[in-house]
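Structure, please.
(chains A and B)
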Number of protein chains: 2
Amino acid sequence: MKTLVICSGGLDSVILAHKVAASYTEEQTLTGLISFDYGQRHKKELVFAALCAEHLNVPHTVIDISDVGASLSGSALTDDIAVPDGHYAEDTMKITVVPNRNAIMLSIAYGIASAQEADAVAAAFHGGDHFIYPDCRPGFVKSFEEMQSHALEGLGEIKLYTPYLNLTKADIAAEGAALNVPFDQTWSCYKGGDTHCGRCGTCVERREAFDLAGVEDPTEYDDPDYWRGVIERAA
Amino acid sequence: MKTLVICSGGLDSVILAHKVAASYTEEQTLTGLISFDYGQRHKKELVFAALCAEHLNVPHTVIDISDVGASLSGSALTDDIAVPDGHYAEDTMKITVVPNRNAIMLSIAYGIASAQEADAVAAAFHGGDHFIYPDCRPGFVKSFEEMQSHALEGLGEIKLYTPYLNLTKADIAAEGAALNVPFDQTWSCYKGGDTHCGRCGTCVERREAFDLAGVEDPTEYDDPDYWRGVIERAA
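Next comes the predicted model:
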């Protein structure tokens, strides 16, 4: 199975790329990584996707859809709205929803996979995303694969490989440790500063995942202890 | 119902935009036209989409996804492969398939419709496209709408309005005549020259549709009579 991995440069998708690469001799071949420039504030993550591709010695394609991002206004991930601090599950984090982002990225990835005659697209959706983002849920994944079987009818079947769909981010971090993934070469923070802020939803989630997995987190955070208070308030 | 129309500047989608605009006082409001620059050779069609928006006095948005088009190599619509002459139904026309083009464009249109709080996206898929393009068929349309209901769960339902799905291009031309659509302000030819070539699949299909509908075709073709021979050979 020739697999194209959608890799943002974040923790989950970098671990996924390592997972597919590690199973090379069995059932999968990693044909390359694909990333999207949608005008995100944390564009810095793309540098880490490139590092991952270099590490795994596969091609890396960055697709510029910044003109699409500019039309999907209203999200704190692309606009001049402040990224809120706090836990992902909080209502304020809904402002980070970019409408239809995953359907857009997946359909482009499918087009490229079809052009390259790959037979799977891998994406790192996981259980922790389900609360906020409807386009990360199992029902979406299933219906997307079904839609693609119609769209590419007669052009070859392409599977949507989402091994983390029902796992937690802590489960993924544990797998990353087992695969010896260089965690310091991944980027999560939505604010996209010099170092991880430690306060936005994705920083809090990252810090918590390492803690729950019992895995050492090599990340440098501007506010390394903020997450504990957030988790305690959410409990 | 606030409807966003995907308009390429071609015959079918321009007529569709006029149809939605004409039903303004009844059930639909035309909120705008959206077009895609995917690096197509016949980019000229976008000028005609802009003309249509001007004519109907609605906003026109052109989304630049040319970087996506560059990655979907292998189609005569975007690459330096010659566009074949002849009837659409002929095998050689399959070279004009751009993998997953409609899933990509529709998912972007849905994202923009969601950001604009529109509740329908209209697309001019029609029966004549079913032979060649899997992503124009009723099964694709139904599964795409289903996928979107998952992707945008909780963000408001958006319908996919495809009134021409089971009509022929001749039926559409007849409707265009009834709506007084300025046919000379539409562009079909895949070759994108100064005038319509009259020989490529979409020129032959256009010429045939006007003929079958009994509607006068104001288009200037380089080779105005080529189509008859093609139709006779295909019959």
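
Quick one: residues contacting A:K44.
Counting by C-beta atoms under 8 Å, 6 or more residues apart in numbering or on different chains, A:K44 makes contact with A:G9, A:W187, A:G192. C-beta: built from backbone N, CA, C; applies to glycine.

Need those residues in TSV (columns: pLDDT, neighbour count and secondary structure).
What follows is those, written out as TSV (pLDDT from 0 to 100; neighbours: other C-beta atoms under 10 Å in any protein chain shown; DSSP: H, G, I helix; E, B strand; the rest coil):
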residue	pLDDT	neighbour count	secondary structure
A:G9	96	26	coil
A:W187	94	24	coil
A:G192	79	17	coil
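
wait, which of those residues is closest to A:D67?
A:G192 (19.7 Å; C-beta to C-beta).

so what pLDDT did the residue lying closest to the closest one once chain neighbours are set aside get?
Nearest residue to A:G192, sequence neighbours excluded (C-beta to C-beta, 6 or more residues apart in numbering or on different chains): A:H42, at 3.5 Å. In this model, A:H42 is scored at 77, pLDDT.

just checking, A:H42 touches A:C200?
No - the criterion here is C-beta atoms under 8 Å, and A:H42 misses it with A:C200 at 9.2 Å.

Just read off the phi/psi values of A:L160.
With angles defined as degrees, to the nearest 10, A:L160 sits at phi -100, psi 110.

Next up, the contacts around it.
Here A:L160 is in contact with A:L106, A:A120, A:V121, A:A122, A:A123, A:V141, A:F144, A:E145, A:Q148 (C-beta under 8 Å, 6+ apart).

and A:K191, how far is that from chain B?
According to C-beta to the nearest C-beta, to the nearest Å, A:K191 and chain B sit 22 Å apart.

any chance you could map the strands in chain A?
For chain A, strands defined by DSSP state E occupy the ranges A:2-6, A:29-37, A:60-64, A:120-122, A:159-161.

Out of those, which gets nearest to B:A115?
Per C-beta to C-beta, nearest to B:A115 of these: strand A:29-37, 17.1 Å.

ok, back up a step: show me which of A:H42 and A:C200 is the more surrounded one.
Between A:H42 and A:C200, A:C200 has the larger neighbour count (other C-beta atoms under 10 Å in any protein chain shown), namely 26 against 20.

State the distance from that one to chain B.
In terms of C-beta to the nearest C-beta, A:C200 sits 22 Å off from chain B.

Also A:A50?
16 Å.

can you tell me which residues contact that residue?
Taking C-beta under 8 Å, 6+ apart as the test, what A:A50 contacts is A:G9, A:S35, A:H60, A:V62.

Report pLDDT for the nearest residue to the second one once chain neighbours are set aside.
When you say that, I think you mean A:S35. Spatially, and ignoring its direct neighbours in sequence, A:S35 is nearest to A:A49 (4.3 Å; C-beta to C-beta, 6+ apart). At A:A49, the model reports a pLDDT of 97.

what residues are up against A:A49?
The contact partners of A:A49, taken as C-beta under 8 Å, 6+ apart, are A:C7, A:S8, A:G9, A:S13, A:V14, A:L33, A:S35, A:H60, A:V62.

Please report how far it lies from chain B.
A:A49 is 16 Å from chain B, where distance means C-beta to the nearest C-beta.

quick revisit: which of the contacts of A:A49 sit farthest apart?
A:V14 and A:V62 (15.1 Å).

Which residue of the two possesses the greater neighbour count?
Remark: of A:V14 and A:V62, A:V14 carries more neighbours, 31 against 16, as counted by other C-beta under 10 Å.

wouldn't that one be in contact with A:C52 here?
Yes - using C-beta under 8 Å, A:V14 is in contact with A:C52, at 4.8 Å.

Mind listing the shared neighbours of these two?
A:C7, A:Q185, A:T186.

Closest one of the residues you listed to A:A21?
Distances from A:A21 to those, taken by C-beta to C-beta, are shortest for A:C7, at 11.1 Å.

what number of residues lie near that closest one?
That count, for A:C7 with other C-beta under 10 Å as the rule, works out to 32.

show me the contacts for it.
So A:C7 contacts A:S13, A:V14, A:L16, A:A17, A:L33, A:I34, A:S35, A:A49, A:C52, A:A53, A:H60 (C-beta under 8 Å, 6+ apart).

between those residues, which is nearest chain B?
A:I34 (8.5 Å; C-beta to the nearest C-beta).

What's the per-residue pLDDT of the closest one here?
The model's pLDDT for A:I34 equals 96.

If we ignore the residues flanking it in sequence, what's nearest it?
The spatial neighbour of A:I34 that comes closest, neighbours along the chain excluded (C-beta to C-beta, 6+ apart), is A:T61 at 4.9 Å.

contacting residues for the one you found?
A:G32, A:L33, A:I34, A:S35, A:I112, B:S71.

For chain A, give me the ranges with low pLDDT.
Along chain A, the model assigns pLDDT under 70 to residues A:25-27, A:73-97, A:131.

Look up the closest residue to the residue in it sticking out farthest from the centre, ignoring the ones flanking it.
In chain A, counting by C-alpha atoms, centre = their mean, A:G154 sits farthest out from the average C-alpha position, at 29.9 Å. Distances taken as C-beta to C-beta, 6+ apart place B:P134 nearest to A:G154, at 5.9 Å, with adjacent residues excluded.

likewise A:F144?
Per C-beta to C-beta, 6+ apart, closest to A:F144 is B:M147, 5.2 Å.

Surely that neighbour and A:G139 touch.
No - B:M147 is beyond contact range of A:G139, at 9.5 Å (criterion: C-beta under 8 Å).

which of these two has more neighbours?
Comparing B:M147 with A:G139 by other C-beta under 10 Å, the one with more neighbours is B:M147, at 30 against 16.

Against A:D184, how distant is the more buried one?
The gap separating B:M147 from A:D184 is 37 Å, by C-beta to C-beta, to the nearest Å.

which residues does the most centrally placed residue in chain A contact?
For chain A, A:S13 is the residue whose C-alpha lies nearest the centre (C-alpha atoms, centre = their mean; 4.7 Å). Contacts for A:S13 (C-beta under 8 Å, 6+ apart) come out as A:V5, A:I6, A:C7, A:A49, A:A123, A:A124.
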